[in-house]
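[1] model the structure of this input:
(one chain, ligands or ions: 1)
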Amino acid sequence: MRNRIGFLLPAFKVAQINYSGWDMGSLPLLSFRRHCKLMLLRPFRMGNQGNCDFWLCCGGYSAKKSGRATAASQERYTLRPAHDEGLQGIQVFRFDGPSPDDCAGTPKGDKKGTRDRPASAALTAPAAAPVVEEPSSSGADDVTQGMGELSISDTKLQEGSQHSRGGDSQKQHTRAWSEYVLDPNTARLVQESSAEESSGNGAKTKLHLVVLGHVDAGKSTLMGRLLHDLGYVGQKQVHKNEKDSAQIGKASFSWAWVLDERPEERARGVTVDVAMSRFQTSKYIVTLMDAPGHRDFVPHMIGGASQADAALLLVDGSIGGFEAGFQASGPGLRGTGGGQTREHAQLARSLGIEQVAVVISKLDSCDFSQDRFESVKAQLIPFLKQCGFKERNIQWLLAAAPLGINMTERPSKDNTLLAWFQGPSVVESIDNFMPIRRIVDAPLRVPIADVFKSRTLGSTAVGGKVECGAMAVGGKVLVMPAGEVATIKSLEVDGQKCPLARAGDSCDVGLSGIEESSLFPGSVLCPVDWPTGVSSKFELCVVVLEPPIPIIPGTAVELHAHTAREEGHIARLLTTLDPKAGGVAKTNPRRLAKGETATVVVTAKRGMCLEQYATCRALGRVAVRQGGRTIAVGIVTKVEG
Ligand SMILES: Nc1nc2c(ncn2[C@@H]2O[C@H](COP(=O)(O)OP(=O)(O)OP(=O)(O)O)[C@@H](O)[C@H]2O)c(=O)[nH]1
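    Numbering: from 1, shown residues only. Just a heads-up that it's a prediction; the model follows:
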């Protein structure tokens with residue numbers, strides 16, 4: 001490899017390679033040296049329209065060693081040709097010079113390319129080859145022991161952490177968020193809408209609610225029934241769903257079909273992606289996210305939960321149903337990763353959800369037995385407390401959605417229930433949640449959840465929740481990590497066009513002056529003069545959940561934070577912490593077993609928009625997954641680089 005001439009592809013130009021006139025069969029192997037950060041291998045033509053697909057391999061340590069990327073590390077990118085401009089933006093690079101990644105001052109890349117992800121952030125983890133070790137027998141009895149003590153919610157917000165200013169990655173300026181000043185137009189609109197709200201004419205408070213739980217717990221059924229009982233789904237639609245679902249032998253899923261609209265969801269009777277809908281209670285305008293329960297779709301669930309203020313945790317109360325959802329993973333259950341009641345509760349708390357209403361469903365299958373209700377509750381209470389939920393923030397109720405029991409009103413007819421159940425109805429439990437404080441006077445942070453074409457908003461639109469700050473039509477936003485500035489052409493909040501979106505709003509934003517390829521889930525909209533940083537190296541404080549084998553340096557993981565998802569590695573284990581006494585228990589531990597609290601350094605293959613949790617909670621929470629299960633959750637304590 002040393003003698004081969006490769007090309008330094010300024011990362012942002014990867015998508016502008018002009019291949020016209022090239023013999024595709026003999027297109028040379030393009031690669032970065034040393035770590036083989038990006039390897040362009042085996043290009044092949046896909047059509048005669050001028051577009052072609054390449055296998056763009058993000059090589060990790062294995063690529064460096066063998067000179068070949070493994071199949072697992074390959075990712076597919078569509079490259080767009082820059083017409084007849086030759087090898088625009090590509091400089092010949094000789095391997096006797098320093099690697100682009102070795103240059104301390106290397107800019108984060110040209111900002112004008114069109115691509116799926118900014119390849120400037122494609123820093124490969126300097127990971128050691130993973131060594132498989134035997135599981136430790138010294139793991140804590142309960143996997144979540146220590147999660148409560150991590151005190152995610154109690155971490156003191158410290159102002160004044162480091163932010164990269166104006167996109168200049170070399171100059172770090174320390175600025176406290178309290179110094180941030182909204183631009184005059186946005187500030188005026190914020191003031192006007194606050195005045196309208198306090199005059200009593202304004203809209204109700206907003207609440208983002210996610211419905212979580214093990215597969216088939218009854219989440220979609222509950223939400224479908226609720227939307228009907230609140231008058232949002234007409235009788236005609238209900239009849240149609242009943243008829244159509246019966247036709248394919250899925251009659252019992254007819255209520256779920258209100259939210260599960262995709263053909264594959266209906267055919268399989270399983271929610272695949274987060275379905276979003278809106279309704280109002282007497283207190284709230286609720287944005288409801290129905291998360292999939294199947295373990296294969298946990299990443300989607302994370303995307304929904306990361307936007308939520310509170311959660312309904314659906315728990316199947318039927319005999320065997322609860323046990324399946326609540327089983328711990330362990331040697332005997334290897335491969336299952338445990339029940340999603342556990343994983344969802346752990347993830348919800350680690351993603352910052354503090355309030356939860358536990359809805360025990362399907363109790364009609366055991367005659368609404370009080371004993372069963374109490375038994376399920378008794379098993380869940382210690383677990384949820386260990387997850388970090390405070391008992392006063394947990395509500396307990398039951399519901400039998402297909403029968404319409406305890407949905408909008410407490411049961412008034414069923415004598416069995418009347419005899420013992422005094423809990424709230426589903427709607428009451430939603431109104432019992434405390435409103436979330438919206439941080440408007442802070443720099444804008446909108447993690448993009450969705451990129452789409454819209455006729456009403458202008459051609460390029462993104463959807464996401466405003467985590468903090470505010471933005472107004474006509475203003476400029478910086479899209480990170482692309483580093484491109486776009487103009488806000490139009491805004492829709494709760495499906496209504498409006499001039500302003502503020503912290504707590506779920507909004508769709510029409511953008512102009514930006515390529516759609518610069519926008520992707522996980523990007524963040526922020527003020528031009530107050531960007532969020534982009535890095536591929538972070539220090540985290542984590543609680544280790546249930547890794548199949550202990551975590552060691554070099555462990556390949558998937559990092560999930562807000563709407564972002566990135567492959568990465570555990571680069572270093574710094575310390576284990578004593579969750580009870582506080583302080584460091586051990587420095588440079590060799591491995592981390594379940595239940596331990598630790599500080600670690602993680603690297604992402606590509607740059608992620610994360611911030612210190614102490615500065616911005618929404619961008620400071622991370623879930624670490626491996627092989628389809630969550631192995632650790634934690635908060636960002638330091639953004640490196
Ligand atoms: N008897 C009874 N059945 C219920 C109840 N709630 C849901 N079900 C049934 O449980 C099955 C699964 O319901 P879904 O609403 O699809 O479950 P889900 O949690 O949304 O499933 P995923 O989204 O795929 O995780 C359906 O057949 C429902 O009719 C209940 O309270 N009682």
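[2] which helices and strands does the longest helix along the chain pack with?
    The longest helix of the chain (DSSP state H) is helix 370-387. Applying 3 or more Cβ pairs under 8 Å, 6 or more residues apart in numbering; DSSP states H and E, we find helix 370-387 packed against helix 321-326, helix 340-350, strand 355-361, strand 394-399. Every residue, glycine included, has its C-beta placed from N, CA and C.
[3] what's the span of stretch 611-618, first residue to last?
    Using Cα to Cα, to the nearest Å, the end-to-end distance of stretch 611-618 comes to 8 Å.
[4] buried set for it?
    611-618 (16 or more other Cβ atoms under 10 Å).
[5] mean confidence score for it?
    Stretch 611-618 comes out with an average pLDDT of 89.
[6] can you map out the helices along the chain?
    Using DSSP H, the helices of the chain run over residues 61-66, 184-198, 219-229, 235-247, 263-268, 298-305, 321-326, 340-350, 370-387, 415-420, 426-432.
[7] and of the helices and strands packed on helix 370-387, who's closest to the ligand?
    Nearest to the ligand among those is strand 355-361 (4.1 Å), distances taken as Cβ to the nearest ligand atom.
[8] which residues are contacting the closest one?
    Strand 355-361 is contacted by residues 217-218, 221-222, 309-317, 345, 348, 373, 376-377, 380, 384, 389, 393-401, 424, 426, 429-430, 432-434 when judged by Cβ atoms under 8 Å, 6 or more residues apart in numbering.
[9] what angle separates that strand from helix 370-387?
    Per axes from the mean of the first three to the mean of the last three Cα atoms, to 10 degrees, the angle that strand 355-361 makes with helix 370-387 is 150 degrees.
[10] do strand 355-361 and the ligand meet?
    Yes - with Cβ under 6 Å from any ligand atom as the criterion, the ligand is reached by strand 355-361 at Ser361.
[11] what's the answer for stretch 368-375, then?
    No - using Cβ under 6 Å from any ligand atom, stretch 368-375 never reaches the ligand; the gap is at least 10.4 Å.
[12] and Gly339, how far from Gly303?
    21 Å (Cβ to Cβ, to the nearest Å).
[13] no, scratch that, I was asking about Gly583
    Counting by Cβ to Cβ, the gap from Gly583 to Gly303 is 35 Å.
[14] what's the answer for Thr416, then?
    Distance from Thr416 to Gly303, counting by Cβ to Cβ: 39 Å.
[15] between the two, point out the one with more neighbours.
    For Thr416 versus Gly303, neighbours defined as other Cβ atoms under 10 Å are more numerous around Gly303 (26 against 14).
[16] gap between the more buried one and the ligand?
    Applying Cβ to the nearest ligand atom, to the nearest Å, the value for Gly303 to the ligand is 15 Å.
[17] below-threshold pLDDT in the chain: ranges please.
    Applying pLDDT under 70 to the chain flags residues 1-174, 199-203, 260-274, 293-294, 329-338, 414-415, 579-582.
[18] residues of the protein that sit close to the ligand?
    Counting by Cβ under 6 Å from any ligand atom, the chain sits next to the ligand at 213, 215-221, 252-253, 256, 269-271, 292-294, 314, 361-362, 364-365, 400-402.
[19] how about a cut-off of 5 Å?
    Contact residues, the chain versus the ligand (Cβ under 5 Å from any ligand atom): 215-221, 252, 256, 270-271, 293, 361-362, 364, 400-401.
[20] give me the buried entries from those residues.
    Using 16+ other Cβ under 10 Å, the buried members of these are 215-221, 256, 270-271, 293, 361-362, 364, 400-401.
[21] closest to Gln280 among those?
    Of all these, Gln280 sits closest to Ala401, with 19.3 Å by Cβ to Cβ.
[22] where does Ala176 fall, phi/psi-wise?
    Main-chain dihedrals, Ala176, degrees, to the nearest 10: phi -80, psi 150.
[23] separation between it and the ligand?
    Distance from Ala176 to the ligand, by Cβ to the nearest ligand atom: 43 Å.
[24] Lys236 now?
    20 Å.
[25] what about that residue, neighbour count?
    Count around Lys236 with other Cβ under 10 Å applied: 8.
[26] so what's it up against?
    Contact partners of Lys236, counting by Cβ under 8 Å, 6+ apart, are absent.
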